[in-house]
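Asks: heads up, no residue letters with this:
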Ligand SMILES: [Zn+2]
């Protein structure tokens, strides 16, 4: 039998230990850019406003990659943004509220045959150009790897049914610290920067060059991570032989399968949910 007083004391000790740990985390961690305070990037951020609301749909796996994930940083810089975490958004009230078409114009940033390509088409040809001004445009951006994003779309019928927009990218990612599955793959912050750039160029948005702050902060992150990868005292040291080419993203070619979900994809079962085995 455990002595009652011993038990109470032990419980108190554990609570105390927990409080100290919380206190330490708070002291060491910046909750705005979700990075350790000593490498906090907030000092470089210049938050700005947009007409469009950017919603980052964050895959839980992405949320764990606090050190190199760029979604949280993007949200910290964009005043009119939000992060919704999840994989299947079918029953998400947080998500579904934006499907109210009397108020919002919900759009998905994702390639597809019907996707309106902001870089290659004239904005006057876009069927939603008027609605963009009349309603509150909401652009959902998938924050996760391509396979993760594919899964999110497969599971969420409401996401699949949204009108799509996309852009063309000729520049490889500068995210040298992460492996990209394809040359066209950009980090979340780079994608949002390019998207905003296209919207700005087309005249749908007007924030001058303020959106370039996204790239500025991103470059600071890359600079820092490169420094760590070359510092033998850091846990992320990659060794001399595995040193990174500073000018090129590490690309692993996966040409044998499409890295995005095509629009004509239909689920095996109508709900879009995975069948239980
Ligand atoms: Zn910070």
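Replies: Thanks, I have it. Quick caveat: nothing in here was measured; it's all calculated off a predicted structure.
Asks: what's the burial count for residue 212?
Replies: Residue 212 has 14 neighbours, counted by other C-beta atoms under 10 Å. Every C-beta, even on glycine, is put in place using the N, C-alpha and C of the backbone.
Asks: Not counting residues beside it along the chain, what's closest to it?
Replies: Nearest non-adjacent residue to residue 212, counting by C-beta to C-beta, 6 or more residues apart in numbering: residue 193, 7.5 Å away.
Asks: so how far is residue 44 from residue 113?
Replies: Note on residue 113: its distance to residue 44, by C-beta to C-beta, to the nearest Å, is 39 Å.
Asks: Neighbour count for these two, which is higher?
Replies: When neighbours are counted by other C-beta under 10 Å, residue 113 and residue 44 differ, and residue 44 comes out ahead with 16 against 8.
Asks: Taking the stretch 51-200 of the chain, what residue is nearest to the ion?
Replies: Nearest to the ion in the stretch 51-200 of the chain, going by C-beta to the ion, is residue 76, at a distance of 7.4 Å.
Asks: Read off the pLDDT value for that residue.
Replies: At residue 76, the model reports a pLDDT of 93.
Asks: Which is the succeeding secondary structure element to the helix or strand containing it?
Replies: Using DSSP states H and E, residue 76 maps to helix 71-77. With elements assigned by DSSP H and E, the helix or strand that comes after helix 71-77 is strand 81-85.
Asks: contact partners of the next helix or strand after that following strand?
Replies: Helices and strands here follow DSSP H and E; after strand 81-85, the next one along the chain is helix 93-96. Contacts with helix 93-96, where a contact means C-beta atoms under 8 Å, 6 or more residues apart in numbering, come from 57, 84, 86, 89, 156, 158, 159.
Asks: what's the neighbour count on the nearest residue to residue 38 once chain neighbours are set aside?
Replies: Closest residue to residue 38 apart from its sequence neighbours, by C-beta to C-beta, 6+ apart: residue 28 at 7.8 Å. By the criterion of other C-beta under 10 Å, residue 28 has 10 neighbours.
Asks: Could you check how far residue 28 is from residue 166?
Replies: Residue 28 is 39 Å from residue 166, where distance means C-beta to C-beta.
Asks: do the same with residue 225
Replies: Distance, residue 225 to residue 166, by C-beta to C-beta: 28 Å.
Asks: what ranges do the strands span in the chain?
Replies: With strands called from DSSP state E, the chain shows them at 29-30, 35-36, 53-58, 81-85, 104-109, 116-117, 136-143, 164-166, 179-180, 250-251.
Asks: which residues does the residue nearest to residue 149 when sequence neighbours are not counted contact?
Replies: In space, residue 149 comes closest to residue 142 once its chain neighbours are excluded; the distance is 3.9 Å by C-beta to C-beta, 6+ apart. Counting by C-beta under 8 Å, 6+ apart, residue 142 touches 57, 59, 109, 110, 148, 149, 152, 153.
Asks: Among those residues, which one sits closest to residue 207?
Replies: Within those, proximity to residue 207 (C-beta to C-beta) peaks at residue 109, which comes in at 17.7 Å.
Asks: Which residues are in contact with that closest one?
Replies: 139, 140, 141, 142, 164, 165, 166, 191, 195.
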